[in-house]
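Visitor: structure, please.
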Amino acid sequence: MIIRRILHIAIVMLCTLGGAFADDASTAQYIRERIHPTATGTEAVAAAVVQFYEQRNFEPIWTEYPRLDQLISAVATLADDGLNPEDYYLAQLKQQRSLLADTRKETAVLRANLDLLATEAYLRALHHLLHGKVDPASLDEDWNFGASGAPPLESVPTVTAAIVDGKIPDLIAQARPQHPLYGKLLAALAHLRELAGTGGWPQLPGGPTLKPGVNDPRVLLLRARLLAAGDIANAATESDLYDDQLTNAVKQFQREQYLQSDGAIGPATLAALNVSAQARIDQLRVNLERGRWLLHDVPPTFVLVDVAGYKVSFYKGGERIWHSRVQVGKPYRSTPIFKSNISHITLNPTWTVPPTILRNDILPKVRNDPGYLARNNIRVLNSKGQIVSASQVDWRNPGNITLRQDAAPESALGRAAIRFPNSYSVYLHDTPHQELFDQNLRAFSSGCIRVERALDLVALLLADTPPWNQTAIDEALATGKTRNVNLAQPIPILLAYWTVDIGDDGHTAFKPDIYSRDARLLKALESRSL
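Guide: Residues are numbered from 1 along each chain as shown. Model (predicted):
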């Protein structure tokens, strides 16, 4: 990075140059000399620093102590966002600020390097708040959300005005996502850090399954654990009886963790309870970074699939008006994270078997059971799209065939499919496997999203597409014929991955990381910026 390559030069020159007053012209000359030879990378912040000084004719801007003091204070607050202030040169800024305060040591070299350091720190902070520190595409090759729709706060005039007018922290505040969820995540992080500072919550020892109604010394630790984390409002008793208050709190905790909600503390619930406060802090930091990726440009009307939370919600005018449970992709066939626009609904859909499912799932069944296709109303199509008899196919080497299941309520897609353009062949759909919605962990599919009460969502999506009211939908379904219905106006859909839920009351629930994505993002988040 620009600054790290030249800081050591400044220290050496401070020892050799005199203490003469460093005028702006000399400082500008040093900035000009140092910025061009080192600014050869393509990293966004480096390019922004070059552009900043080119438009200012390389004149220094951090020429007053209050500006530097404001910047130092603003950089320190980035810890509240789960970021590391040292990525923004906090210690170096303080050190260089102290040197500058000693007029005997002031030189144009020192001022130039401090100016570059401060500018890069400020631009880096703004960029990370607006777009995230970690490039999501570096972690997920399928990422297609594109550039954040954050407000254009990184322009030279905007940054210059904030510095000159003494509004450095104001611009930092504006760069944060303004969505309410981000504010809730900030508050949750602050609360949990405060709790961790006092020792966090106690760990429960192993032993026999702790069941409601028993007396056990571990109950005292359980009560303290739930009280510390805010899972119970108060501890009304110091008894070692596993009472109804604790049972209800544990059941709620189990539901949040997608565990069996029986109140019994077996190995799985014990492990979840014993996740440390520091680990939960890291989980919040990871989700704050996801917030910086996604929460700047959330549309008022959209469908949100919370993949890790196994749920789907429909927002209209910024308010959630409907939600339901979903089944998502298995870990080895994970549902991709992306955005698109719902374009049409297929009523009474047929199901064309994807190649992966054909190869890995269907072919082994057909080879072992020749009647499988007929029982499931699956037809065989040749390379020309013509229906052929299953008996004419060599199932050991079937060649270029396609399998298509007829439309029916009991077919794989149920009675409706919700379509949106994407390269993953993923969509939302009804399912005959309604019993699976009662499972806690619902990663059952091959990537598509099975929706409970899917027809309710269909009706909401078609509400602004005349004449498709509920009666028209029911009549079309009753025919049994496949029909595509285009939405009058495409509706955005976001497939997102959150491992934290925060309720309206501020209660924080931590979800299982079903696709093991948090650790990799945390590692990238903790790496030092170059």
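Visitor: dump the residue contacts of N234.
Guide: L227 (C-beta atoms under 8 Å, 6 or more residues apart in numbering). For every residue, glycine as well, the C-beta is placed using N, CA and C.
Visitor: for A408, give its distance to I281.
Guide: From A408 across to I281, the span is 50 Å (C-beta to C-beta, to the nearest Å).
Visitor: now do Q29
Guide: 46 Å.
Visitor: okay, these two: which has more neighbours?
Guide: I281 (18 against 14; other C-beta atoms under 10 Å).
Visitor: pLDDT wise, what is that one at?
Guide: Predicted confidence (pLDDT) at I281: the value is 98.
Visitor: I figured it was touching A190, is that so?
Guide: No - at 10.3 Å, I281 does not count as touching A190 under the criterion of C-beta atoms under 8 Å.
Visitor: now do the helices in the stretch 251-400 of the chain.
Guide: 267-273, 277-294, 355-357, 363-368, 372-375 (DSSP state H, counting those that start in this stretch).
Visitor: out of those, which is closest to L195?
Guide: helix 277-294 (5.8 Å; C-beta to C-beta).
Visitor: alpha carbons only: can I get that closest one in CSV?
Guide: The C-alpha trace of helix 277-294 is given here as CSV (Å, rounded to 0.1, in the frame of the first residue of the first chain):
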residue,chain,number,x,y,z
ALA,A,277,-19.4,-15.1,24.2
GLN,A,278,-16.3,-14.3,22.1
ALA,A,279,-17.3,-16.8,19.4
ARG,A,280,-20.7,-15.1,19.3
ILE,A,281,-19.0,-11.7,19.0
ASP,A,282,-17.2,-13.0,16.0
GLN,A,283,-20.5,-14.3,14.5
LEU,A,284,-21.9,-10.8,14.9
ARG,A,285,-18.8,-9.3,13.2
VAL,A,286,-19.2,-11.6,10.3
ASN,A,287,-22.9,-10.7,9.9
LEU,A,288,-22.1,-7.0,10.1
GLU,A,289,-19.8,-7.5,7.2
ARG,A,290,-22.6,-9.2,5.3
GLY,A,291,-24.7,-6.2,6.2
ARG,A,292,-22.2,-3.9,4.6
TRP,A,293,-22.5,-5.9,1.4
LEU,A,294,-26.2,-6.0,1.3
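Visitor: so what does that helix touch, helix or strand wise?
Guide: Judged by 3 or more C-beta pairs under 8 Å, 6 or more residues apart in numbering; DSSP states H and E, the packing partners of helix 277-294 are helix 108-131, helix 180-197, strand 483-496, strand 500-502, strand 508-510, helix 518-526.
Visitor: returning to what we had before: highest mean neighbour count out of the helices of the stretch 251-400 of the chain?
Guide: Stretch with highest mean neighbour count among those: helix 277-294 (a mean of 21; mean count of other C-beta atoms under 10 Å).
Visitor: can you give me the angle that helix makes with helix 518-526?
Guide: On the basis of axes from the mean of the first three to the mean of the last three C-alpha atoms, to 10 degrees, helix 277-294 is oriented at 80 degrees to helix 518-526.
Visitor: what secondary structure does the nearest residue to L462 once chain neighbours are set aside sit in?
Guide: Once flanking residues are discounted, L462 sits nearest to W468: 4.0 Å by C-beta to C-beta, 6 or more residues apart in numbering. Put simply, W468 is coil when judged by DSSP: H, G, I helix; E, B strand; the rest coil.
Visitor: what about W468, how many neighbours?
Guide: With other C-beta under 10 Å as criterion, W468 counts 21.
Visitor: tell me who's in contact with the residue most central in space within the chain.
Guide: In the chain, the residue lying closest to the centroid (C-alpha atoms, centre = their mean) is R290, at 3.3 Å. For R290, the contact set (C-beta under 8 Å, 6+ apart) comprises G132, A496, Y497, W498, L521.
Visitor: for D501, name its beta-bridge partners.
Guide: A509 (DSSP bridges).
Visitor: ok, now how distant is it from H323?
Guide: From D501 to H323 the distance is 12 Å (C-beta to C-beta).
Visitor: and if you look at E194?
Guide: 31 Å.
Visitor: the two: which has the busier surroundings?
Guide: Using other C-beta under 10 Å as the criterion, E194 and H323 rank with H323 on top: 16 against 10.
Visitor: my read: the more buried one touches G309, true?
Guide: No - between H323 and G309 there is no contact under C-beta under 8 Å: 10.0 Å.
Visitor: hmm, A488 is touching A463, no?
Guide: No - assessed by C-beta under 8 Å, A488 is found out of contact with A463, at 9.7 Å.
Visitor: for stretch 405-414, C-alpha coordinates in PDB please.
Guide: The C-alpha trace of stretch 405-414 is given here as PDB (Å, rounded to 0.1, in the frame of the first residue of the first chain):
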ATOM      1  CA  GLN A 405     -42.300 -35.300 -14.600                       C
ATOM      2  CA  ASP A 406     -45.900 -34.500 -15.500                       C
ATOM      3  CA  ALA A 407     -47.700 -31.800 -13.600                       C
ATOM      4  CA  ALA A 408     -49.600 -33.000 -10.600                       C
ATOM      5  CA  PRO A 409     -50.000 -31.900  -6.900                       C
ATOM      6  CA  GLU A 410     -47.800 -34.900  -5.900                       C
ATOM      7  CA  SER A 411     -45.000 -34.000  -8.400                       C
ATOM      8  CA  ALA A 412     -41.700 -32.700  -7.300                       C
ATOM      9  CA  LEU A 413     -42.700 -29.000  -7.800                       C
ATOM     10  CA  GLY A 414     -46.200 -29.300  -6.400                       C
END
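Visitor: mean confidence (pLDDT) on that stretch, please.
Guide: Mean predicted lDDT for stretch 405-414 stands at 95.
Visitor: centre of the chain to that stretch, how far?
Guide: With C-alpha atoms, centre = their mean, to the nearest Å as the basis, stretch 405-414 stands 33 Å off its chain's centre.
Visitor: same check, this time on stretch 226-240
Guide: 31 Å.
Visitor: can you give me the end-to-end span of that stretch?
Guide: Distance across stretch 226-240, first residue to last, is 14 Å (C-alpha to C-alpha, to the nearest Å).
Visitor: pull out the buried residues from that stretch.
Guide: Under the neighbour-count criterion of 16 or more other C-beta atoms under 10 Å, stretch 226-240 has L226, A228, A229, G230, D231, I232, D240 buried.
Visitor: no further questions, thank you.
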